[in-house]
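Participant: this one's structure only:
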């Protein structure tokens, strides 16, 4: 009885605790990680259009001259359905009536939609967040929590190998660092 009572008292505290951070490299299978480590340095410079986006199509891979790992959609099966907490940068896709972002790509580095080459599909996560979040600055990093699904998504902007239905999204704060 005492254990049950203690468990019931601690349950709200455990529910509020944040998940451990998932590293972006954890989304890549080991062979992709090794290929990435041995890849030559690549340029992230590209011509930009007047709206600030790459003239080469945003996140979508255009040229095929990069190492194969830069086009990889290989995933990590054990992550399918796992609740994760991932830090990254938003690329907004849809907003609600109040201007809050409800659908966005999460990418591992800022400016991924502007600079080429973009991350490979297994380093792009399509995030759905029904509550929405105000994104005043796409260069401000976010924490995103929720179940990760292996599901290929393709649109005019990008190819992603994962989706996540977010239960919590918040800006990274100085105290997080």
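Facilitator: Perfect, thanks for sending it. In this text, all values refer to a predicted model and were calculated from it rather than measured experimentally. Numbering: from 1, shown residues only.
Participant: need the pLDDT of the most centrally placed residue in the chain.
Facilitator: The central residue of the chain, meaning the one whose C-alpha is nearest the mean C-alpha position (C-alpha atoms, centre = their mean), is residue 106 at 2.9 Å. In the predicted model, residue 106 carries a pLDDT score of 98.
Participant: could you say which helix or strand holds it?
Facilitator: Using DSSP states H and E, residue 106 maps to strand 101-107.
Participant: return the distance of the following helix or strand past that strand from the chain's centre.
Facilitator: Following strand 101-107 in sequence order, the next helix or strand is strand 125-133 (DSSP H and E). Between the centre of strand 125-133 and the centre of its host chain there is 11 Å, according to C-alpha atoms, centre = their mean, to the nearest Å.
Participant: adjacent strands (with direction) for strand 125-133?
Facilitator: Strands adjacent to strand 125-133 in the sheet, as given by DSSP bridges, are strand 101-107 (antiparallel), strand 159-165 (parallel).
Participant: for that strand, buried residues please.
Facilitator: Along strand 125-133, these residues count as buried under the neighbour rule (16 or more other C-beta atoms under 10 Å): 125-127, 129, 132-133. Backbone N, C-alpha and C define where each C-beta goes, glycine included.
Participant: burial count for residue 36?
Facilitator: 16 (other C-beta atoms under 10 Å).
Participant: that one and residue 28 touch, don't they?
Facilitator: Yes. With contacts counted by C-beta atoms under 8 Å, residue 36 reaches residue 28, the gap being 7.0 Å.
Participant: who does the spatially closest residue to residue 75 that is not a sequence neighbour bridge with?
Facilitator: If the residues on either side of it in the chain are set aside, residue 75 comes closest to residue 150, at 4.6 Å by C-beta to C-beta, 6 or more residues apart in numbering. Judged by DSSP bridges, the bridge partners of residue 150 are residue 162.
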